[in-house]
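1. the amino acid sequence is not available; the structure is as follows:
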């Protein structure tokens, strides 16, 4: 897929540098045109090197999903970080310590107890933490009901050691809705709720300095809403199969696939499929299957065959997956002397390129991104916010 690139091993997590650069430039340009700051979400890539590139491209800073991610990003040179999920009790003093270290640290909260704990940690450390009130937009994962936001904002504003910075609303439940009109209508409902909430906060002299949220699957509407001042998109950098399949919010996607797993064919003894060295341990399977993009016949499918192994199923053999015994079907096809060996099937030792089904949990399986230029040269970027808590 990239001439001249020889992977040092397989399976390998590979980023096509030119596609990544185009994706980062495209999202930054869209945010700039809308007058909305980009705070790229680091939970997608967990890589400080990529985070620094996003900031250099124009992002105001990064989002982190966990305290450990925030610590890794701060060590990696990111100076403006918002933790977008409420923290466990042990996390408050660690966030305060980051602020003492010179980074601007924001913490998202959805209860009075979290606000009080965060304020105490900040005062003890001699730090000031940004405090962002998390609004539940209907996901029911984190966030307070809109009716409680005013009291929480007032408490944050009155708590020494905290800077009441604004509100967050991330509609994660909308990002992959395949019915695009329904996704848009639901997102517009979030905007109406937020606009009313902002008006109420202003009337109470608690106007939010920041309204942060949104994502890749709703980015066009989020940027046009007039409500969000920050966009928290993350997957746009890589574009996995799940996002491609659910459809762009407006027109076609302005982003392209840049993240792949490169695997090797290790066994080619059947007419129906070859076996590669990428199975469950190489690919998260909580979303759609990885998509074969190079190294096999057009229309070939990847399917896991165990922890370490996957199959590349030739298009002619796809009906064998539908009902009956796959093992018996393979035996019958191999025994059929009139059935030819597929001409475009990978040979043992050949490389197969797979577009990731769901990028975030797949990245979490690897220690590094191998970022490859078009001339085949590559760099290793550690996934340094992996394995942290």
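-> It's in. For clarity, every value in this text was computed on a predicted model and none was experimentally measured. Numbering: from 1, shown residues only.
2. list the contacts of the closest residue to residue 346 other than its chain neighbours.
-> Leaving out its chain neighbours, the residue that sits closest to residue 346 by C-beta to C-beta, 6 or more residues apart in numbering is residue 265, at 4.1 Å. Every C-beta, even on glycine, is put in place using the N, C-alpha and C of the backbone. Residues near residue 265 by C-beta atoms under 8 Å, 6 or more residues apart in numbering: 274-276, 295, 312, 346-352.
3. centre of the chain to stretch 22-38, how far?
-> Here the centre of stretch 22-38 is set off from its chain's centre by 17 Å, with C-alpha atoms, centre = their mean, to the nearest Å.
4. in it, what's buried?
-> Neighbour counts over stretch 22-38 (16 or more other C-beta atoms under 10 Å) mark 23-24, 27-28, 30-31, 34, 36-38 as buried.
5. neighbouring contacts of it?
-> Here stretch 22-38 makes contact (C-beta under 8 Å, 6+ apart) with 40, 53-54, 57-60, 219-220, 222-224, 228-231, 233, 236-239, 254-256, 258.
6. please list only the buried members of those residues.
-> Buried among the contacts of stretch 22-38 by 16+ other C-beta under 10 Å: 40, 53-54, 57-60, 219-220, 222-223, 228-231, 233, 236-239, 254-256, 258.
7. the stretch 51-200 of the chain: helices as residue ranges?
-> Assigned by DSSP state H, counting those that start in this stretch, the helices in the stretch 51-200 of the chain fall at 67-75, 92-100, 112-125, 149-158, 180-203.
8. hey, what's the angle from the first one to helix 92-100? Just curious.
-> With axes from the mean of the first three to the mean of the last three C-alpha atoms, to 10 degrees defining the directions, helix 67-75 sits at 10 degrees from helix 92-100.
9. swap in the longest one?
-> Interaxial angle of helix 180-203 relative to helix 92-100 (the same axes, to 10 degrees): 80 degrees.
10. pull out the buried residues from helix 180-203.
-> Applying 16+ other C-beta under 10 Å to helix 180-203 flags 183-184, 186-187, 190-191, 193-194, 197-198, 201 as buried.
11. and that helix, what does it pack onto?
-> Counting contacts by 3 or more C-beta pairs under 8 Å, 6 or more residues apart in numbering; DSSP states H and E, helix 180-203 packs against helix 149-158, strand 162-169, helix 219-224.
12. give me the mean pLDDT for that helix.
-> Average pLDDT, helix 180-203: 98.
13. having no further points to raise, I will conclude here.
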